[in-house]
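Novice: Need coordinates for the below:
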Amino acid sequence: MTGFSPWLASHLDSLMLWIGVFCTLGFYSVLYRENRVYRFFEHLYLGLATGVLLVEAWNDVLLPKWFDAIFKQGEWWWIFASIVGLMYYFIFSRKLNWVARLAIGFSLGVTAGQEFQAFTNNVWPQIPKSFKPLVPHPALYAPNPLHLPPKAAEAAHIPLLYPQVTVPDAINNIVFTVVLLCVMSYFFFSFEQKSRALKGTAAMGRWLLMFAFGAIFGSTIMARLALLIDRVNFLMTDFGSGVMGPPGPLIVFFILFALCGLMLWMSLRARARGEGTDEPS
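Specialist: Modelled structure (predicted):
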């Protein structure tokens with residue numbers, strides 16, 4: 001052990017790079033099909049994430065806000081929180097699982113109330129903000145007996161009633177109003193849509209919703225590509241330059257290119273043979 005520690009200390013950086021390479025390639029092996037290598041690294045990641053969450057839960061929540069509060073600050077009433085927390089473990093008892101349902105129901109009720117409050121605070125202000133001016137107009141101030149110009153009225157601290165609406169602002173508000181009405185008309189399900197105008201606006205609303213969903217899906221794809229670019233940059237820059245020297249990034253690039261070609265060839269071969277994409281358990 002004494003001879004292994006100096007070697008480990010001197011090669012720790014390279015060892016961490018190799019571990020990162022194996023983990024990255026193991027995770028992306030699922031692009032071919034689900035396999036035992038991917039499952040191993042998936043379970044390894046979940047186990048490490050669970051361990052990190054437990055440590056963070058103790059260091060960030062339980063230790064400062066519960067243990068220290070009870071045994072160091074004398075706030076004994078926090079013992080009731082531990083009693084409620086222990087009630088969850090009665091879920092493993094067939095006779096006393098109703099005790100766990102009490103704690104679960106209480107938590108669900110509190111969470112539902114908080115979510116309703118957050119939803120209301122987020123959605124309710126959008127209702128008055130959807131009423132936008134459609135006609136351009138200058139800034140409107142409170143009654144101005146001296147008939148001061150806008151800049152002088154602002155300097156005199158005269159209250160501003162409505163901000164200025166320029167022509168581009170009015171056009172943008174008109175487009176916003178049309179989109180809002182079309183989308184809202186699509187959700188009129190309480191009666192049959194017989195009017196041509198209503199059918200047309202509902203169809204336009206459906207197309208606008210498809211555009212919005214497409215944009216959301218595109219942002220999701222961009223996020224996944226950002227993760228892929230980060231991993232490729234790690235393989236080519238950190239691993240390639242750190243282990244193989246200056247020609248390392250180019251060598252790693254050709255290796256990755258060959259692996260992608262091999263994966264594509266194996267996928268096409270499996271599809272031509274009619275094989276399944278998932279490995280049996």
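Novice: For whichever strand or helix holds Ala112, give the mean pLDDT please.
Specialist: In this assignment (DSSP states H and E), Ala112 forms part of helix 97-123. Averaging pLDDT along helix 97-123 yields 91.
Novice: Just the buried residues of that helix, please?
Specialist: Judged by neighbour count using 16 or more other CB atoms under 10 Å, the buried positions of helix 97-123 are Val99, Ala100, Ala103. From N, CA and C alone the C-beta is placed, and that goes for glycine too.
Novice: What is the burial count for the spatially closest residue to the last one that is not a sequence neighbour?
Specialist: The shortest distance from Ala103 to any residue other than its chain neighbours is 4.0 Å, reached at Met87 (CB to CB, 6 or more residues apart in numbering). Neighbouring residues of Met87 were enumerated by other CB atoms under 10 Å; the total is 17.
Novice: Count the residues that sit near Phe22.
Specialist: 12.
Novice: Please name the residues that touch it.
Specialist: Going by CB atoms under 8 Å, 6 or more residues apart in numbering, Phe22 touches no other residue.
Novice: State the helix or strand in which it lies.
Specialist: helix 12-28.
Novice: Please apply the same query to Leu161.
Specialist: Secondary structure (DSSP H and E) places Leu161 in strand 160-162.
Novice: Who are the packing partners of that strand?
Specialist: Packing partners of strand 160-162 (3 or more CB pairs under 8 Å, 6 or more residues apart in numbering; DSSP states H and E): strand 140-141.
Novice: For the strand it packs on, give the mean pLDDT please.
Specialist: 70.
Novice: buried set for whichever helix or strand comes after the helix holding Ala112?
Specialist: Once helix 97-123 ends, the next helix or strand along the chain (criterion: DSSP H and E) is helix 126-129. With burial defined by 16+ other CB under 10 Å, not one residue of helix 126-129 is counted as buried.
Novice: and what of stretch 186-202?
Specialist: Neighbour-count burial for stretch 186-202 [16+ other CB under 10 Å]: Tyr186, Gln193, Thr201, Ala202.
Novice: so where's the stretch 51-200 of the chain shaky on pLDDT?
Specialist: By pLDDT under 70, the low-scoring segments of the stretch 51-200 of the chain are 141-159.
Novice: how about the helices in it?
Specialist: 68-71, 79-87, 97-123, 126-129, 150-155, 167-186, 196-233 (DSSP state H, counting those that start in this stretch).
Novice: name the helices or strands packed onto the host helix or strand of Arg269?
Specialist: Secondary-structure element containing Arg269, defined by DSSP H and E: helix 248-273. Applying 3+ CB pairs under 8 Å, 6+ apart, one finds that helix 248-273 contacts helix 240-244.
Novice: Need the contact partners of the helix it packs on.
Specialist: Contacts of helix 240-244 (CB under 8 Å, 6+ apart): Asp13, Ser14, Leu17, Trp18, Gly248, Pro249, Leu250, Ile251, Val252.
Novice: Mind listing what's buried along the strand holding Leu161?
Specialist: Buried-residue list, strand 160-162, by 16+ other CB under 10 Å: empty.
Novice: Tell me the neighbouring strands of it, and mark each as parallel or antiparallel.
Specialist: Sheet pairing for strand 160-162, assigned by DSSP bridges, gives strand 140-141 (antiparallel).
Novice: and the residue nearest to Ala103, what does it touch?
Specialist: Per CB under 8 Å, 6+ apart, neighbours of Met87: Val99, Ala100, Leu102, Ala103.
Novice: separation between the second one and Ser29?
Specialist: Distance, Ala100 to Ser29, using CB to CB, to the nearest Å: 40 Å.
Novice: wait, what's in contact with Trp76?
Specialist: Ile70.
Novice: again, only using 10 Å
Specialist: Trp76 sits next to Ala69, Ile70 when contact means CB atoms under 10 Å, 6 or more residues apart in numbering.
Novice: Give me the contacts around stretch 218-237.
Specialist: 17, 20-21, 23-25, 27-28, 239-240, 248-253, 255-256.
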